[in-house]
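>>> Next comes the sequence, and after it the predicted model I'd like to discuss.
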Amino acid sequence: MRLLLLVCLATAAAGVYIPGVMPSSYSSGDGLGIRVNSLTSIQNIMPYEWYSLPFCAPPKEERRRYTSRSQNLGEVLWGDKIEISLYSVAVLQDKVCKAICQQEYNEKEMRQFEHRIEQKYRGNMVLDNLPVAEEGTDNFTSNHAVQVGFPLGLPKAATMQQKETFLNNHLAFTISFHKQPPTVDKNGEPGKETYRIVGFQVAPASVDHEDNPCDDKFNLNAGKGLTTVPGKVTWSYSVKWVEDPHVDWSTRWDVYLRSTATESRIHWFAIINSLLVVVFLSVIVAIILLRALHKDFNRYNDADNAEEQQEETGWKLVHTEVFRQPPAALWLCVYVGTGAQLLGMSICTLVFALFGFLSPANRGALLSALIFLFVLLGSYAGFTSSRMLKMFGLRSWKHIFVVGTFFPGQVVLLWFCLNLVLWSQHSASAVPFYTILTIMALWLGVSLVLCLLGAVVGFKKPAIEMVCKVNTVPRTIPPQPWYLRTPQSILLPGILPFGAAFIESVFILSSVWQGRVYYVFGFLSLVFLILIVTCAEATIVMIYFQLTREDYNWWWRSFLTSGSYGFWLYLYCIFYYATALNIPTLVSSILYFGYMFMVSYFFFVLTGFIGFSAASVFVWTIYSSIKID
């Protein structure tokens, strides 16, 4: 039923009606300005501001007045910087060719254009909150959907003789619209006909306007192209309005979000593959653990079997050691509390996404939601860690301060170092100093305070009781078989949850690093649920085998066993970098590996908490079910 509910929610969200985003209707002749966004590339992963290149630009006062508008935190961190431009359209009015300016470029300026074109940078524009898509890339019989943005030019490798770089100085816009049903005003008179924009595409072209003038006789397919040699460049555009009665405003994002038939089959294959892994582990748990434990319970609790009580074997033999305080118990409490915080943040984010609140139409909403939910769930981290600290006899407010600062401090420090790299390259995603202060205020002024408040509640709760007493002198652990020794006993089980979530990880990496839009949160929720079950079952199996071999050091082992998912994820990120990406520069490579390390570390802590929680419930359950003298 839960899976069915998630699928239904995902289907309901597939129409992509965006809560909080209201449609705009326009009358014929209404003027609209086309906004420009950052320049992006899948080769050089650093975005740059549109006017980092010497394009034709409005007066600085107008630009400053527009950019002074507030951006949400996610937009700033992601590098979305929308600005005004000289491109404008009038509703239902076509333009054959309109020149916006003519500029003289020297060799240095042309070299800037050529450098960005060779790095395959794409220009991004926005009309009515709809990003421009490159015309001709929406053929859904192919493996990929529509491409957002348009190439700045044609690099040398794509030309016939591979000697010249061509500059796309003309943009042919095609704007699709949907006519609204007729309305009647309060006097009973028919209202104005209104229209809504449902599509925004562009066909970039390189045009030498000295050979092909920009006038009413302009022919896009005639004349020669414009190379990046110093001289005059005329920037121009054309507009064509096309009625599309089959697309409503509520579904206009579908062309960016929907998967191809091939991708849909791959998603379903991933779900079936993940379910098979879960079934496999569930059978192991059911046959090996439940049957074995049932026999153990009967044998250990048989009052007539005196010899068995005298000669204890298996996991009961270590009942006086299994609840012994682990080494570095403080850091285990810190990681467990942070893992609880990350798991709560992930679940809440997926719930919001399923209801359509985190659509790409809400720019920066996903990243903002992650940050604010993490901050607000600081109380959950404080509560969870305080319960464990009190159980181990480590109650101290200093330790709670460590819980609230350790993981966020590591992430913020690494992010700040990467931001210094972005600053040095003048990237659009370089976060300004006042945003850094905002993040620090959220962390130290809100998240840390909530962590302390959660600890207040946790410390007031009764201490978690151990079901078995602990011997004063630790028991010697016998030699272990090869599969229960470190590091293989920690790393190998992590392959199972990684295999369950592998295919969906590929889609997410492609959306982040190859400029695609990811919005199949229904599939993602199912895979995340399967990931939780897989981590829990794999950890329980390994801890049972460990205890039967009289190795009672299960605390850290349970956390690291499922946490090794993060290790395998990072290894795959290295493989993905080598096979799927083409990042030629050292700076971009540093950014890629830095960001992916943060993501992998995030999943290490999250999945580690899942495995630790499952193992704790398992250990408490089996040792509370036997009779101990």
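Now that the structure is in, tell me what you want to look at.
>>> Now do the contacts for Glu83.
Arg35, Val36, Asn37, Glu49, Trp50, Tyr51, Arg63, Tyr66, Thr67 (Cβ atoms under 8 Å, 6 or more residues apart in numbering). C-beta: built from backbone N, CA, C; applies to glycine.
>>> can we see that at 6 Å?
Glu83 is in contact with Val36, Trp50, Arg63, Thr67, counting by Cβ atoms under 6 Å, 6 or more residues apart in numbering.
>>> and what of Ala428?
By Cβ under 6 Å, 6+ apart, the contact set of Ala428 is Ser38, Pro47, Tyr48, Glu49, Gly79, Lys81.
>>> again, but for Glu107
By Cβ under 6 Å, 6+ apart, the neighbours of Glu107 are Pro230.
>>> cool, Lys192 as well?
Contact analysis of Lys192 by Cβ under 6 Å, 6+ apart lists Ser27.
>>> how close does it get to Lys60?
Note on Lys192: its distance to Lys60, by Cβ to Cβ, to the nearest Å, is 37 Å.
>>> same question, Thr621
Taking Cβ to Cβ as the measure, Thr621 falls 69 Å from Lys60.
>>> Check Leu343 too.
From Leu343 to Lys60 the distance is 48 Å (Cβ to Cβ).
>>> Same question for Arg549.
73 Å.
>>> Give me the more crowded residue out of these two.
Neighbours were tallied for Arg549 and for Lys60 using other Cβ atoms under 10 Å; the higher tally belongs to Arg549 (17 against 9).
>>> And that one, its phi and psi?
Arg549 has phi and psi values of phi -90, psi 10 when expressed as degrees, to the nearest 10.
>>> now Glu83
Main-chain dihedrals, Glu83, degrees, to the nearest 10: phi -130, psi 170.
>>> before we move on, what about Glu550?
The phi/psi pair for Glu550 (degrees, to the nearest 10) is phi 70, psi 30.
>>> what sits against it?
Applying Cβ under 6 Å, 6+ apart, the residues contacting Glu550 are Leu317, Val318, Pro478.
>>> Just the buried ones out of those residues, please.
Leu317, Val318 (16 or more other Cβ atoms under 10 Å).
>>> In helices only, show me the contacts of Glu550.
The helices, defined by DSSP state H, take in nothing from the contacts of Glu550.
>>> which one of the contacts of Glu550 is nearest Ser616?
Val318 (15.9 Å; Cβ to Cβ).
>>> Name the nearest residue to that closest one, ignoring sequence neighbours.
Setting aside the residues directly before and after it, Val318 is nearest to Tyr552 in space (Cβ to Cβ, 6 or more residues apart in numbering), at 4.2 Å.
>>> mind checking pLDDT for Thr561?
pLDDT for Thr561: 95.
>>> my bad, Pro474
Each residue has a pLDDT score; the one for Pro474 is 84.
>>> ok, now Leu77?
86.
>>> Just give me the neighbour total for it.
20.
>>> Could you check how far it is from Val446?
Noted for Leu77: a distance of 17 Å to Val446, by Cβ to Cβ.
>>> cool, Phe166 as well?
51 Å.
>>> tell me the mean pLDDT over the longest helix along the chain?
Using DSSP H to define each element, the chain has its longest helix at helix 586-623. Summarised as a single mean, pLDDT over helix 586-623 is 94.
>>> by contact count, what packs against that helix?
When contacts are defined as 3 or more Cβ pairs under 6 Å, 6 or more residues apart in numbering; DSSP states H and E, helix 586-623 packs onto helix 329-354, helix 521-548, helix 555-579.
>>> Any chance of those helices in TSV with mean neighbour count and distance to Trp253 as columns?
Formatted as TSV, these follow (neighbours: other Cβ atoms under 10 Å; distance: least, Cβ to Cβ, whole Å):
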stretch	mean neighbour count	distance to Trp253
helix 329-354	22	14
helix 521-548	23	14
helix 555-579	21	27
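>>> which of the contacts of Glu83 are buried?
Here, 16+ other Cβ under 10 Å leaves Val36, Trp50 buried among the contacts of Glu83.
>>> out of the contacts of Glu83, who's nearest Cys348?
Thr67 (32.1 Å).
>>> ok, and the closest non-adjacent residue to the closest one?
Leaving aside its sequence neighbours, Thr67 is closest to Glu83 (6.0 Å, by Cβ to Cβ, 6+ apart).
>>> And that neighbour, what's its pLDDT?
Value listed for Glu83 in the pLDDT field: 91.
>>> Show me what it is bridged to.
Val36 (DSSP bridges).
>>> wait, isn't Ala203 in contact with Val132?
No - between Ala203 and Val132 there is no contact under Cβ atoms under 6 Å: 10.5 Å.
>>> who has more neighbours, the two?
Val132 (27 against 17).
>>> wait, doesn't the more buried one sit right on Pro204?
No - judged on Cβ under 6 Å, Val132 makes no contact with Pro204 at a distance of 9.9 Å.
>>> Thr438 versus Leu73, what's the distance?
7 Å.
>>> Equivalent analysis for Leu53, please.
29 Å.
>>> check contacts around Leu39.
So Leu39 contacts Tyr48, Tyr121 (Cβ under 6 Å, 6+ apart).
>>> quick thing: my sequence starts at 56, can you match it?
Happy to do that; since the first residue is 56 now, the last one works out to Leu94.
>>> Which of Leu128 and Thr493 has more residues huddled nearby?
Leu128 (19 against 15).
>>> The more buried one and Ile426: what is the separation?
Counting by Cβ to Cβ, the gap from Leu128 to Ile426 is 6 Å.
>>> same deal with Leu275?
45 Å.
>>> quick one: which of the two has more around it?
Between Leu275 and Ile426, counted using other Cβ under 10 Å, Ile426 has the larger neighbour count: 19 against 14.
>>> So, low pLDDT: which residues of the stretch 256-405 of the chain?
Residue ranges of the stretch 256-405 of the chain with pLDDT under 70: 313-319, 322, 343-368.
>>> shaky segments in the stretch 406-555 of the chain?
Scanning the stretch 406-555 of the chain for pLDDT under 70 picks out nothing.
>>> Can you show me the helices along it?
In the stretch 406-555 of the chain, the helices defined using DSSP state H, counting those that start in this stretch lie at 420-431, 433-446, 452-479, 488-496, 503-515, 543-546, 550-568.
>>> winner for burial among those helices?
Per residue and on average, the most neighbours among the helices of the stretch 406-555 of the chain fall to helix 433-446, with a mean of 24 (mean count of other Cβ atoms under 10 Å).
>>> name the helices or strands packed onto that helix?
By 3+ Cβ pairs under 6 Å, 6+ apart, helix 433-446 packs against helix 384-409, helix 452-479, helix 503-515.
>>> any idea how far Thr589 is from Ile137?
Noted for Thr589: a distance of 41 Å to Ile137, by Cβ to Cβ.
>>> So which of the helices and strands packed on helix 433-446 is nearest Gly554?
Comparing those by Cβ to Cβ, helix 384-409 comes nearest, at 19.7 Å.
>>> next one: phi and psi at Gln235?
phi -80, psi 150.
>>> how about the nearest residue to it, chain neighbours excluded?
Thr249 (4.5 Å).
>>> Could you count how many residues lie near the spatially closest residue to Ser679 that is not a sequence neighbour?
Nearest residue to Ser679 in three dimensions, chain neighbours excluded: Val522, at 4.3 Å (Cβ to Cβ, 6+ apart). When neighbours are counted by other Cβ under 10 Å, Val522 registers 16.
>>> same question, Arg120
Neighbours of Arg120 under the rule other Cβ under 10 Å: 12.
>>> now the strand or helix carrying Thr229, how far from the centre of its chain.
Taking DSSP states H and E as the criterion, Thr229 maps to strand 225-234. Offset of strand 225-234 from its chain centre (Cα atoms, centre = their mean, to the nearest Å): 31 Å.
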